[in-house]
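>>> Sequence and computational prediction follow.
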Amino acid sequence: MSRKRWGAAIVAGALSIGLSVAVSPAQAHDHGSGGARTVGYYTQWSIYDRNIPLKYLVDNGTAARLTHLNYAFSFLDEQGKCVSSDAWADYQRPFPAEQAVNGKADEAGQALMGNLNQIKQLKQKFPKLRAYISIGGWTGSKYFSNAALTAESRAAHVKSCVDMWLKGNLPGLPAGAAKGVFDGVDLDWEWPSTDGAPGNIVRPEDKRNFTKLLFEYRVQLLKLGFTDRRTYDLTAFLPANRGALDRGYEVKTIFKLLTFATVQGYDYHGTWEQITNQQSAIRTPEGDPTSPPDSSEIVVDAYLERGAPKNKIVFGVPFYGRGWTGVTNQNNGLFQQSTGPAPATFEPGADDYRVLKNLVGKDGYQLHRDDKAGHAWLFNGTTFWTFDDPTEIKRKARFIRDRRLGGAMIWSLDGDTTDGELIKALDSGLRR
């Protein structure tokens, strides 16, 4: 039997036997040596205002501690096919020597530049690191429902994404110029059957179609993997909100299709609410006025109750904080009325840890901590920031370890300091 016919026979057999068999080749290839995954999102736009190239992750010790890097984001066009949301950042920008992972400047005429070439260099430096292309995101999920709608649209979507990001056929570059950069696909559809960003297309059938979309990915990744003699992984970013979870996901089934899932462990509260609160506490703080309450324990238990296996839940931790201003000066600012988002460096109401850490002890800011619930905040009498410092990150890592979850996910890697305070705390809590 020819190699081509043998590959087709394997896929057909996997389809006939069922979902778990179709995904089995991926299960043994995604852990670090310690058994716990450490998955970090690196954002395409980090090279702009933040001026944080991938070399930053080498210099501050992050890259050496990661098992997986998710590159965010690819978008979808109206037909549901994969497109680059910023070709300059992705594969066109020449990096100078001082920003390059390998210390060498990009040269005119080379086949691949931009962040993808830097990921390629990062993987050469850290051979055990696996990199995924993350598709969608808050501003890139508008057309996911179109992509998942029919068997034809699902096949076309997956083919376009595989061709672009895994086979490496990028517009304007030689065929296969980016092949080998990515080891899998991370789907970040926010959210099936639930409103996300304004203008997103949402359908009731998204829930079932998401499962079918994952299955189509598995079929095409299995075929590609057979041709390339390697395994390609499939992951997804899933919500903390239980309403969105129940409306959009067939939990037990999709976890059979996924290598693992990164589960949102933050944004429990934010400036879309007027009352200050924690954004990532492990347990519900005493006196929390919201109903239903949110905490890491509640989110993890919700997934387990719906059939998710512990070892495939990679739980998210934030390397940023959320802030309110015009806050009533009571209870150290916690659970108080505000007038709106706090001023910040890049986006009102949100800022990186490396920025927020410098507020401690300045302009009247005092650090407060709830050791029982597991969260920290800053308050100066009028402005309140909920954030995770090394103490809280290590506490969350221990929570992940003690619950025997599949690891930790970071949003996002550009929020850490030049000496890697948070990644070191996370690594310490996961390993010991």
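Perfect, I can see it now.

>>> measure C161 to N209 for me?
When Cβ to Cβ, to the nearest Å is applied, the distance between C161 and N209 equals 16 Å. Glycine gets a C-beta too; all of them are placed from N, C-alpha and C.

>>> More neighbours: these two, which one.
Each of C161 and N209 had its neighbours counted (other Cβ atoms under 10 Å), and the higher figure belongs to C161 (24 against 21).

>>> Quick check: that one is in a helix.
Yes. When the secondary structure is assigned by DSSP: H, G, I helix; E, B strand; the rest coil, C161 falls within a helix.

>>> check contacts around it.
Contacts for C161 were tallied using Cβ atoms under 8 Å, 6 or more residues apart in numbering; they are S74, K81, C82, I133, I135, V185.

>>> In which helix or strand does the last one reside?
Translated: V185. For V185, the enclosing helix or strand under DSSP states H and E is strand 184-188.

>>> do the same with the first one
Taking DSSP H and E as the definition, S74 sits inside strand 68-76.

>>> For that strand, enumerate the helices and strands it packs against.
Packed against strand 68-76, as judged by 3 or more Cβ pairs under 8 Å, 6 or more residues apart in numbering; DSSP states H and E, are the following elements: strand 37-43, strand 82-84, helix 114-125, strand 130-136, helix 144-148, strand 184-188.

>>> Tell me which of the ones you listed lies nearest to G364.
With Cβ to Cβ as the criterion, G364 lies closest to strand 37-43 of these, at 31.8 Å.

>>> Report the strands that pair with that closest one, each with its relative direction.
Taking DSSP bridges as the criterion, strand 37-43 pairs within the sheet with strand 68-76 (parallel), strand 407-411 (parallel).

>>> quick one: pLDDT of the closest residue to A108 other than its chain neighbours?
Nearest residue to A108, sequence neighbours excluded (Cβ to Cβ, 6 or more residues apart in numbering): P94, at 7.5 Å. For P94, the model assigns a pLDDT of 98.

>>> What is the burial count for the nearest residue to V251 once chain neighbours are set aside?
The shortest distance from V251 to any residue other than its chain neighbours is 3.9 Å, reached at R306 (Cβ to Cβ, 6+ apart). Residues near R306, counting by other Cβ under 10 Å, number 15.

>>> Identify the residues contacting R306.
By Cβ under 8 Å, 6+ apart, the contact set of R306 is L245, D246, V251, K252.

>>> Among those residues, which one has the most neighbours?
Highest neighbour count within these: L245, with 21 neighbours (other Cβ under 10 Å).

>>> how about that residue, what does it touch?
Applying Cβ under 8 Å, 6+ apart, the residues near L245 are L238, P239, V251, A302, Y303, R306.

>>> Could you rerun that using 10 Å?
W191, T194, L238, P239, V251, V263, Q264, V299, A302, Y303, R306, A308 (Cβ atoms under 10 Å, 6 or more residues apart in numbering).

>>> Buried ones from those, can you make that a ChimeraX selection?
In ChimeraX, a selection of the buried entries from the contacts of L245 looks like this (16 or more other Cβ atoms under 10 Å):
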select :191,194,238,239,251,263,264,299,302,303,308
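
>>> Can you lay out the contacts of L245 as CSV showing pLDDT and distance to R283?
Listed next are these as CSV, based on pLDDT from 0 to 100; distance: Cβ to Cβ, whole Å:
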residue, pLDDT, distance to R283
W191, 98, 25
T194, 98, 26
L238, 99, 21
P239, 98, 20
V251, 98, 23
V263, 99, 17
Q264, 98, 17
V299, 98, 11
A302, 98, 14
Y303, 99, 17
R306, 98, 20
A308, 98, 20
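
>>> can the contacts of L245 go into JSON lines with extra columns for distance to K372?
Conversion of those to JSON lines gives the following (distance: Cβ to Cβ, whole Å):
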{"residue": "W191", "distance to K372": "31"}
{"residue": "T194", "distance to K372": "32"}
{"residue": "L238", "distance to K372": "27"}
{"residue": "P239", "distance to K372": "26"}
{"residue": "V251", "distance to K372": "30"}
{"residue": "V263", "distance to K372": "23"}
{"residue": "Q264", "distance to K372": "23"}
{"residue": "V299", "distance to K372": "18"}
{"residue": "A302", "distance to K372": "21"}
{"residue": "Y303", "distance to K372": "23"}
{"residue": "R306", "distance to K372": "27"}
{"residue": "A308", "distance to K372": "26"}
